[in-house]
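Novice: sequence-free structure coming up:
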């Protein structure tokens, strides 16, 4: 069975999203980065999703979702930081009150931005999954809609608009290395590419210190972890969403787990050779090239710089 024959993510809806999302999140830069490719030993193309008001791709799906909510209707979500910023930004722009649950250990820069964008912020638990469980409980108790990134299909549809743009490039990558967290980014991007450019090889990349999604995909069932051990908080998932695993069926050609050392080195190379600040989750594609560039020697390899939110302290430490 092909992805086209069963997938809940409609290509027509992705096209509709591209026409409705706040333009500030659309038409992000995309180019072959020759200096970075020279450093990696492979031709490398980038799609840069950090040049917008929240410095990440999440604004696409969040704005598309909030645009369909009733003005004044409150929403609750959970976030490691970037989705919460996106929901706060879209909610403020469209008159929708947003409450975000986040871990007490979440990136302080992201937390401060959520507050300044007008979200009500609730800190709970030691990681994203603990915060999400509490957000779900609070939403059920109050009767407020709980928005779940990766489950609500609008988050996938918004991510799919990235591919619609990239397909217009003069030269499209032969291989895409896409960060895999809760599945919204990978599924949205891969769903469009599989339909429009089926010969493209799609590789999911996750941190070895947070392997639950890759392990679950390989096993064909949900595999949970008790804790995470990665700086890549944006893709740090302990408890996969079962629907997300269903969504990934037929879309992943290969999955790679990368080390923390490679993630930091990838961030440094992106900064040095592309002039970009990439947060750890955004550097995993380059980290994968550091670990297995020889495999792609004759291909144009693309990856998505999906976010660039680092604190000054993190920049000093990692860059």
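Specialist: That came through fine. As the structure is a computational prediction, the values presented were derived from the model and not from experiment.

Novice: which residues in the chain form strands?
Specialist: 30-32, 43-48, 75-78, 98-102, 120-123, 145-147, 175-179, 201-207, 254-258, 300-305 (DSSP state E).

Novice: JSON lines please, covering these and showing mean pLDDT, distance to residue 239 and mean neighbour count.
Specialist: Just so you know, the C-beta spots here come from the backbone N, C-alpha and C atoms, and that holds for glycine as well. Listed next are the strands of the chain as JSON lines, based on pLDDT from 0 to 100; distance: least, C-beta to C-beta, whole Å; neighbours: other C-beta atoms under 10 Å:
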{"stretch": "strand 30-32", "mean pLDDT": "98", "distance to residue 239": "33", "mean neighbour count": "17"}
{"stretch": "strand 43-48", "mean pLDDT": "98", "distance to residue 239": "28", "mean neighbour count": "24"}
{"stretch": "strand 75-78", "mean pLDDT": "98", "distance to residue 239": "11", "mean neighbour count": "26"}
{"stretch": "strand 98-102", "mean pLDDT": "98", "distance to residue 239": "15", "mean neighbour count": "27"}
{"stretch": "strand 120-123", "mean pLDDT": "98", "distance to residue 239": "19", "mean neighbour count": "16"}
{"stretch": "strand 145-147", "mean pLDDT": "98", "distance to residue 239": "15", "mean neighbour count": "20"}
{"stretch": "strand 175-179", "mean pLDDT": "98", "distance to residue 239": "18", "mean neighbour count": "26"}
{"stretch": "strand 201-207", "mean pLDDT": "98", "distance to residue 239": "14", "mean neighbour count": "25"}
{"stretch": "strand 254-258", "mean pLDDT": "98", "distance to residue 239": "18", "mean neighbour count": "20"}
{"stretch": "strand 300-305", "mean pLDDT": "98", "distance to residue 239": "24", "mean neighbour count": "26"}
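
Novice: Make JSON lines out of the ones you listed and add distance to residue 280.
Specialist: Below are the strands of the chain laid out as JSON lines (distance: least, C-beta to C-beta, whole Å):
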{"stretch": "strand 30-32", "distance to residue 280": "22"}
{"stretch": "strand 43-48", "distance to residue 280": "16"}
{"stretch": "strand 75-78", "distance to residue 280": "19"}
{"stretch": "strand 98-102", "distance to residue 280": "17"}
{"stretch": "strand 120-123", "distance to residue 280": "21"}
{"stretch": "strand 145-147", "distance to residue 280": "24"}
{"stretch": "strand 175-179", "distance to residue 280": "10"}
{"stretch": "strand 201-207", "distance to residue 280": "8"}
{"stretch": "strand 254-258", "distance to residue 280": "10"}
{"stretch": "strand 300-305", "distance to residue 280": "12"}
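
Novice: Compare the ones you listed and give me the one nearest residue 153.
Specialist: Of all those, the one in closest proximity to residue 153, counting by C-beta to C-beta, is strand 145-147 (11.3 Å).

Novice: re the thing from before, right, and the strands of the chain - which one's nearest residue 157?
Specialist: strand 145-147 (13.6 Å).

Novice: For residue 71, give me the pLDDT.
Specialist: pLDDT for residue 71: 88.

Novice: how much space between the residue nearest to it when sequence neighbours are not counted and residue 53?
Specialist: Take residue 71 and drop its neighbours on the chain: the residue closest to it by C-beta to C-beta, 6 or more residues apart in numbering is residue 95, 4.4 Å away. Between residue 95 and residue 53 the computed distance is 17 Å (C-beta to C-beta, to the nearest Å).

Novice: one step back: wait, doesn't the residue nearest to residue 71 sit right on residue 74?
Specialist: No - assessed by C-beta atoms under 8 Å, residue 95 is found out of contact with residue 74, at 11.1 Å.

Novice: what are the phi and psi values for the residue nearest to residue 71?
Specialist: Backbone torsions for residue 95, taken as degrees, to the nearest 10, come to phi 70, psi 40.

Novice: among the strands of the chain, which is nearest residue 88?
Specialist: strand 98-102 (5.4 Å).

Novice: how near is the closest residue to residue 173 other than its chain neighbours to residue 108?
Specialist: Nearest in space to residue 173, with sequence neighbours left out and distances taken as C-beta to C-beta, 6+ apart, is residue 302 at 3.2 Å. Separation of residue 302 from residue 108 (C-beta to C-beta): 32 Å.

Novice: Same question for residue 291.
Specialist: Taking C-beta to C-beta, one finds residue 291 at 30 Å from residue 108.
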